[in-house]
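Chemist: Here you go, sequence then predicted model.
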Amino acid sequence: MRIAVLSDIHANLVALDAVLAGIGGVDQVWHLGDVVGYGPEPDAVVDRLRTLGAVGVRGNHDAAAVGGHEIDYFNADARRAMEWTRKTIGAETRSWLAALPERRIERDFEMVHGSPRDPIWEYITTAPVARLNLEILTAPFCLHGHTHLPSVFRDEDGFIEMLSPSDRSTLLLDGRPILANPGSVGQPRDGDPRSSAFVLDTERLELTWHRVPYDIAAVQAAMRRRHLPDRLVERLSHGL
Ligand code: ZN
């Protein structure tokens with residue numbers, strides 16, 4: 001079975017559709033939160049995921065969109081985009097987002113947005129933080145997002161190894177616990193503006209990362225029409 005693992009789509013429907021087309025056919029779609037926030041099409045993105053039967057978890061933006069106090073910790077641009085998102089989304093989107101759990105286990109994978117220790121907010125970007133999270137996994141492997149950076153942390157005989165996968169990088173799941181991040185579909189931040197995601201092949205026990213170009217100018221035009229903050233519009237060009 002091939003499973004698309006997507007994170008931080010951030011209401012970017014053009015990027016989501018490009019990724020779904022670019023990675024080839026899949027049997028399931030899993031998402032790791034931040035489905036909405038920043039981007040121009042929250043209802044359409046949720047509708048697409050619902051139609052695909054995607055399963056996933058709640059991110060800090062999803063929690064804020066349905067009224068959570070998470071918005072109090074947002075910077076000015078994120079807050080403005082979130083206030084627009086709150087006003088814009090329909091009742092079906094709101095109830096779909098509100099039903100997302102903070103954590104879920106599918107097969108051998110614990111899914112969270114941030115980290116196993118703090119599913120909503122913690123950023124896993126350093127070896128010490130990765131170590132603390134690897135110690136408390138409730139499944140053999142962990143899938144997470146939130147940083148918008150494709151990454152893998154793995155315990156290598158007590159030493160925490162960090163990998164930065166690029167397009168077509170593969171990782172064999174050999175039984176060692178890992179924390180794997182597909183990167184962001186809707187707002188990549190590693191300097192490569194192409195969408196990032198990985199495919200989990202459950203027979204080969206292998207993850208394959210993909211970078212997929214999308215029509216950034218079209219998304220930027222849609223954001224400008226909705227008066228979303230300039231800085232959020234411009235960063236899509238740079239992938240930062
Ligand atoms: Zn995010």
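Modeler: The structure has been received and is ready for your questions.

Chemist: Geometric centre of this protein: which residue is closest?
Modeler: For the chain, Ser7 is the residue whose C-alpha lies nearest the centre (CA atoms, centre = their mean; 1.4 Å).

Chemist: Point out the residues in this structure that sit beside the ion.
Modeler: 8, 34 (CB under 5 Å from the ion). (Each C-beta comes from the backbone N, C-alpha and C, glycine too.)

Chemist: What ranges does the chain have for its strands?
Modeler: 2-6, 28-31, 55-56, 104-106, 109-111, 141-143, 151-156, 159-163, 170-172, 178-181, 195-201, 206-212 (DSSP state E).

Chemist: Switch those over to TSV; also include mean pLDDT.
Modeler: Formatted as TSV, the strands of the chain follow (pLDDT from 0 to 100):
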stretch	mean pLDDT
strand 2-6	98
strand 28-31	98
strand 55-56	98
strand 104-106	97
strand 109-111	98
strand 141-143	98
strand 151-156	94
strand 159-163	95
strand 170-172	98
strand 178-181	98
strand 195-201	98
strand 206-212	98
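
Chemist: Quick one: closest of these to Ala218.
Modeler: Closest approach to Ala218 among the strands of the chain is made by strand 195-201 (13.5 Å; CB to CB).

Chemist: Asp43 and the ion, how far apart?
Modeler: Distance, Asp43 to the ion, by CB to the ion, to the nearest Å: 18 Å.

Chemist: Burial check on the residue nearest to Leu163 when sequence neighbours are not counted, number of neighbours?
Modeler: Counting by CB to CB, 6 or more residues apart in numbering, Leu163 lies nearest to Val152, which is 4.2 Å off, once chain neighbours are set aside. Residues lying near Val152 (other CB atoms under 10 Å) number 19.

Chemist: beta partners for Val152?
Modeler: Leu163, Ala180 (DSSP bridges).

Chemist: Do you know the pLDDT at Gly158?
Modeler: At Gly158, the model reports a pLDDT of 85.

Chemist: and if you look at Ala130?
Modeler: pLDDT, read off for Ala130, is 97.

Chemist: From the ion, how far off is it?
Modeler: Using CB to the ion, Ala130 is found at 19 Å from the ion.

Chemist: for that residue, what are its contacts?
Modeler: 124, 153, 160, 162, 179 (CB atoms under 8 Å, 6 or more residues apart in numbering).

Chemist: do that again at 6 Å, thanks
Modeler: Residues in contact with Ala130 (CB atoms under 6 Å, 6 or more residues apart in numbering) are 124, 153, 160, 179.

Chemist: Likewise for Pro42?
Modeler: Pro42 touches 11, 36, 85, 89, counting by CB under 6 Å, 6+ apart.

Chemist: same question, Ala127
Modeler: Contacts of Ala127 by CB under 6 Å, 6+ apart are Ile160.

Chemist: Glu206 is in contact with Leu172, isn't it?
Modeler: Yes. In this structure, Glu206 is within contact of Leu172 by CB atoms under 6 Å, at 5.4 Å.

Chemist: who has more neighbours, these two?
Modeler: The residue with more neighbours, out of Glu206 and Leu172, is Glu206; 14 against 10, by other CB under 10 Å.

Chemist: And that one, how far from the ion?
Modeler: Distance from Glu206 to the ion, by CB to the ion: 26 Å.

Chemist: Closest one of the contacts of Ala130 to the ion?
Modeler: Ile124 (13.1 Å; CB to the ion).

Chemist: pLDDT score for that closest one?
Modeler: 98.

Chemist: Let me know whether it touches Ser115 as I believe.
Modeler: Yes. Counting by CB under 6 Å, Ile124 touches Ser115, with 5.1 Å between them.
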